[in-house]
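Colleague: Attaching a predicted model along with its sequence, questions to come.
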Amino acid sequence: MRQREGFSSRLGFLLISAGCAIGLGNVWRFPYITGKYGGAAFVLVYLLFLVILGLPVMVMEFSVGRASQRSIALSFQALEPPGTRWHLYSWFGIAGNYLLMMFYTSVAGWLVLYCVKMAKGDFVGLDAAGVEAEFSALMGRPWLMTAFMALVVAVSMLICSRGLQNGVEKVNKIMMLCLLFVMAVLVVRSITFPGAGAGLEFYLKPDFRNLVYDSQGSFILGETVYAAMGQAFFTLSLGIGALAIFGSYIGRERTLAGEAVRVALLDTLVAFMAGLIIFPACFAFGVTPGAGPSLIFITLPNVFNAMPGGGRLWGFLFFVFMSFAALSTVIAVFENILSFAMDKWGWSRKRAAAVNLAAILALSMPCILGLNLWAGIQPLGPGSSIMDLEDFLISDNLLPLGSLIYLLFCVSRRGWGWDRFLAEANTGEGLRFPAGVRFYVTWILPFLVLFIFAAGYWSKFVS
């Protein structure tokens, strides 16, 4: 049997797991919905759902990985009772990893390109329309997007090919520590802008009315609760084995509930700090913060342009931070993809890296072409793109349904079972997973996950 590599330090495990959870959607979505639904009041609701929704599933995914000492390729097979077929989910789980990378690598490429553009001063002197035109022009240049996507894939795969400790762990440690340092610098700069106080008040001052009513007086409590549930659930990248793989690499010195809490807090800290960068800066320069790609690639370059001196430097640092956030996720997911091939077929790490380098380069092309040459393909209706379909399949389907599989596997007598899960989760020193929540995680939490799944379809196709 191939000797399984492990982390050289606990810090490596925490930073890599957090790097997997810290994603672009987390960074650009968390500040926006926090501001929309009541600032600090929304954060309290979000943290509640993080504890009762996200953390239990994270502990279960870590436990399956550590108990099996395998990736999603063989983890269910190693733990399931004879005659059961939980292992069939492994194919859907790894498909989720590929689907995520089919569009995530392209967006990461945009961020690296924007680092270059900021450093060169391509946005200097442009007005708001000019900045928007730059992004629109990029969407019409498939070869440029392909070049930067390929750079992201090649560098990330090279890092993974060097092994867990010498590649993935070493590089992620450096990137995550640099990310936190750059964020701290940007936060200090943003909150010291003249007029930044209005943005801080908007972001941090609790307004519990915004949890219940919007600016037009409409009742939105249900919408607010779903937004908090969705953010708490999706921010941790649960359900596709992307975190279980790191559970398989760690020892049994520490309980997994304590490790999951630390990863979730680090993930939340980064998202919260992103808001401290974005909102004070936007308010200080009279720019309305948007959501999604427009915030990162159109709104914020306008903010940096408006800064009286140093805007080009701060813009460059911001996109360095965003690139690190993206690359940490890409590297973490690539590690899961390579581990699948090594566990399933006994491939060497270098062979798995070479094959998947070619595969992911090819699989990423529909996303890029769907924004220009294949723009006529609108799979989810007018205005949609291939990227929207890929995002829908992973975010609204495989993440919630995969989380449900992990959940049922750990509580069902026909799966791994509650007693075995609890023993694994509570092995070691630290915070213990409470045995008293068995009824909740068995009979209530699965329905909450199904509600999130159904609500995703409702919001996309009905409302």
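Modeller: Good, I have the coordinates.

Colleague: So what's the residue count around residue 87?
Modeller: Residues near residue 87, counting by other CB atoms under 10 Å, number 16. Backbone N, C-alpha and C define where each C-beta goes, glycine included.

Colleague: Apologies, that question was intended for residue 205.
Modeller: 11.

Colleague: Could you give the number of residues near the closest residue to it other than its chain neighbours?
Modeller: Counting by CB to CB, 6 or more residues apart in numbering, residue 39 is the residue found nearest to residue 205 once chain neighbours are left out, at 5.6 Å. Number of residues near residue 39 (other CB under 10 Å) recorded here: 23.

Colleague: in terms of contact, does residue 39 touch residue 208 like I think?
Modeller: No. The pair residue 39 / residue 208 is not scored as a contact, 9.7 Å apart, by CB atoms under 8 Å.

Colleague: picking that back up, any figure for the gap between the residue nearest to residue 205 and residue 203?
Modeller: Per CB to CB, to the nearest Å, residue 39 is found 5 Å from residue 203.

Colleague: now swap in residue 175 and tell me
Modeller: 26 Å.

Colleague: ditto for residue 195
Modeller: To residue 203, residue 195 is 14 Å away according to CB to CB.

Colleague: Those two: which is more packed in?
Modeller: Using other CB under 10 Å as the criterion, residue 195 and residue 203 rank with residue 203 on top: 22 against 12.

Colleague: Now for that one: which residues touch it?
Modeller: By CB atoms under 8 Å, 6 or more residues apart in numbering, residue 203 lies in contact with 31, 34-35, 39-40, 275-276, 279-280.

Colleague: In JSON lines, list these along with distance to residue 168, secondary structure and pLDDT.
Modeller: As requested, those are exported to JSON lines (distance: CB to CB, whole Å; DSSP: H, G, I helix; E, B strand; the rest coil; pLDDT from 0 to 100):
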{"residue": "31", "distance to residue 168": "29", "secondary structure": "helix", "pLDDT": "82"}
{"residue": "34", "distance to residue 168": "31", "secondary structure": "helix", "pLDDT": "83"}
{"residue": "35", "distance to residue 168": "35", "secondary structure": "helix", "pLDDT": "77"}
{"residue": "39", "distance to residue 168": "37", "secondary structure": "coil", "pLDDT": "78"}
{"residue": "40", "distance to residue 168": "36", "secondary structure": "helix", "pLDDT": "79"}
{"residue": "275", "distance to residue 168": "29", "secondary structure": "helix", "pLDDT": "89"}
{"residue": "276", "distance to residue 168": "29", "secondary structure": "helix", "pLDDT": "92"}
{"residue": "279", "distance to residue 168": "33", "secondary structure": "helix", "pLDDT": "87"}
{"residue": "280", "distance to residue 168": "35", "secondary structure": "helix", "pLDDT": "91"}
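
Colleague: From those residues, keep the buried residues only.
Modeller: Listed as buried from these are 31, 34-35, 39, 275-276, 279-280; burial here means 16 or more other CB atoms under 10 Å.

Colleague: nearest to residue 144, of those?
Modeller: Nearest to residue 144 out of the buried ones among the contacts of residue 203 is residue 31 (CB to CB; 28.6 Å).

Colleague: If you drop the residues flanking it in sequence, what lies closest to the closest one?
Modeller: Nearest residue to residue 31, sequence neighbours excluded (CB to CB, 6+ apart): residue 275, at 3.4 Å.

Colleague: Likewise for residue 38?
Modeller: residue 210 (3.5 Å).

Colleague: Wait, the one you found touches residue 41, no?
Modeller: Yes. Assessed by CB under 8 Å, residue 210 is found in contact with residue 41 at 6.8 Å.
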